[in-house]
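In: sharing a model prediction with you, sequence too.
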Amino acid sequence: MDFLAEEKNKYSPPAGLATKYRQEEVHRFIVDCMTSVATPTLQARALADLLVAADLRGHFTHGLNRLEMYVNDMVKKVCAGDATPVIIKESVSTALVDGKNGLGPVVGNFCMDLAIEKAKQTGVGWVCAKGSNHYGIAGWYAISASKQGLLGMSFTNTSSLVVPTRGKQALLGTNPIALAAPGEKGDDFVLDMATSVVSGGKVEVACMKGEGVPAGWALDRDGAPTTDAERALDGFLLPLGGVETHSGYKGFGLGMMVEIFCGILTGAPYGSNIRDWTRTDQPADLSQCFVAIDPSFFAPGFEGRMTDLMNHCRNMEPETPQKPVLVAGDPERLHLRKVEQEGGITYHINQINNLWKLAKYLGVTPLQTN
């Protein structure tokens, strides 16, 4: 949703803008945009780290595509960009955190660092936060644990977008799940998935590109199936699996599990009580859950077994020779390699034009190619 359309559309981008940019330049641009709306530099950099990582990994729905949402939250003063999370309650292995309405990545980094610290001491760290905001790709936090030899998990609730099985109105958010498990030499298993058929961001990207969406993704506002991206954006998503005959109730159940870990466990808003994501007159008040597990507290040799299992999968004969069997994390590794080979991240021209207008509205230097 383009919250700043009226202001931005006063500007017309020049023809022929580049679509490929070095990651350092993307990072600079994000920091400049956020500091221009009174976000402290440290917090702006934390957000930029996450958004750039999303695009590097090929998750374009949650990279630069999300920048305008964060900018808008600061402009509308419904997010406290300078907030510092605080621990409300804790034990040796658990904690409840109040994010103080801070930027989601700031809250998320604080909580996962705390979970990691507790896991190294006790084997497991389980930290839940309320009073947070959109925290980007769930995998970012899980990976921060796997980089230290731990298993990491991350969950968040979101505004209601997903209909329950047999329903016609939204109840849950896309409620993502992430798990990162360390393998040998940095070859980690990284699962990062919505509990809906797709993330809401994929519908936004389809709208931005002027494309339709596949059948089975969404319902329109009246609860009827649609392949029109605009109608889907104004409507609802189906749970993972889709309709009941394709086991959509399993995706619905997983979404409920995430909500239990987040809104229910923290005593914060949950389900349809969470603010509609298009409203900017009140804080989002999202809840999140972060888990770290130290495999050394269990059987030795975890990394070797993890890599062995992944390699077994990869070496299986594929149904189509041109499409080898992959494990979670492989598509992202392939995209990282592609970015490195091409010397930058490539974006859709419609997105670049929109970001140019945003830059002009904010008075910052647009993305530069050198």
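Out: Sure, I can see it.

In: what segments of the stretch 1-150 of the chain are strands?
Out: Applying DSSP state E, counting those that start in this stretch to the stretch 1-150 of the chain gives strands spanning 20-21, 86-90, 94-98, 124-132.

In: deepest of these, which one?
Out: Among the strands of the stretch 1-150 of the chain, strand 124-132 has the highest mean neighbour count (mean count of other Cβ atoms under 10 Å), at a mean of 26. Just so you know, the C-beta spots here come from the backbone N, C-alpha and C atoms, and that holds for glycine as well.

In: relative to Arg333, which of the strands of the stretch 1-150 of the chain is closest?
Out: With distances scored as Cβ to Cβ, the stretch of those nearest to Arg333 is strand 20-21 (20.0 Å).

In: hmm, who's touching that closest one?
Out: With contacts defined as Cβ atoms under 8 Å, 6 or more residues apart in numbering, strand 20-21 is touched by Glu342, Gly343, Gly344, Ile345, Thr346, Tyr347, Leu367, Gln368, Thr369.

In: mind running it again at 10 Å?
Out: Strand 20-21 has contacts (Cβ atoms under 10 Å, 6 or more residues apart in numbering) with 27-29, 55, 64, 339, 342-347, 352, 355, 367-370.

In: what about those, which are in helices?
Out: Of the contacts of strand 20-21, the ones assigned to helices by DSSP state H are His27, Arg28, Phe29, Asp55, Val339, Glu342, Ile352, Leu355.

In: avg pLDDT for the helix ranked longest in the chain?
Out: In the chain, taking DSSP H as the definition, the longest helix is helix 104-122. Regarding helix 104-122, the rounded mean pLDDT is 98.

In: care to break the protein down by domain?
Out: 5-77+339-362, 86-197+238-297 (automatic domain parsing).

In: mind putting these into CSV with distance to His312?
Out: Below are those laid out as CSV (distance: least, Cβ to Cβ, whole Å):
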stretch, distance to His312
domain 5-77+339-362, 24
domain 86-197+238-297, 12
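
In: one step back: the longest helix of the chain to strand 124-132, inter-axis angle?
Out: For helix 104-122 and strand 124-132, the angle between their directions (axes from the mean of the first three to the mean of the last three Cα atoms, to 10 degrees) works out to 160 degrees.

In: buried stuff in helix 104-122?
Out: Judged by neighbour count (16 or more other Cβ atoms under 10 Å), helix 104-122 contains these buried residues: 104-116, 118-120.

In: kindly report the same for stretch 330-344.
Out: Buried residues in stretch 330-344 (16+ other Cβ under 10 Å): Asp330, Glu332, Arg333, His335, Val339, Gly344.

In: before we move on, the earlier item: tell me the buried residues within the contacts of strand 20-21.
Out: For the contacts of strand 20-21, a burial check counting by 16+ other Cβ under 10 Å picks out His27, Arg28, Phe29, Asp55, Leu64, Val339, Gly344, Ile345, Tyr347, Ile352, Leu355, Leu367.

In: for Leu96, give the beta-bridge partners.
Out: The partner list for Leu96 in beta bridges (DSSP bridges) reads Lys89, Cys128.

In: you'd agree it is up against Lys89?
Out: Yes - in this structure, Leu96 is within contact of Lys89 by Cβ atoms under 10 Å, at 4.4 Å.
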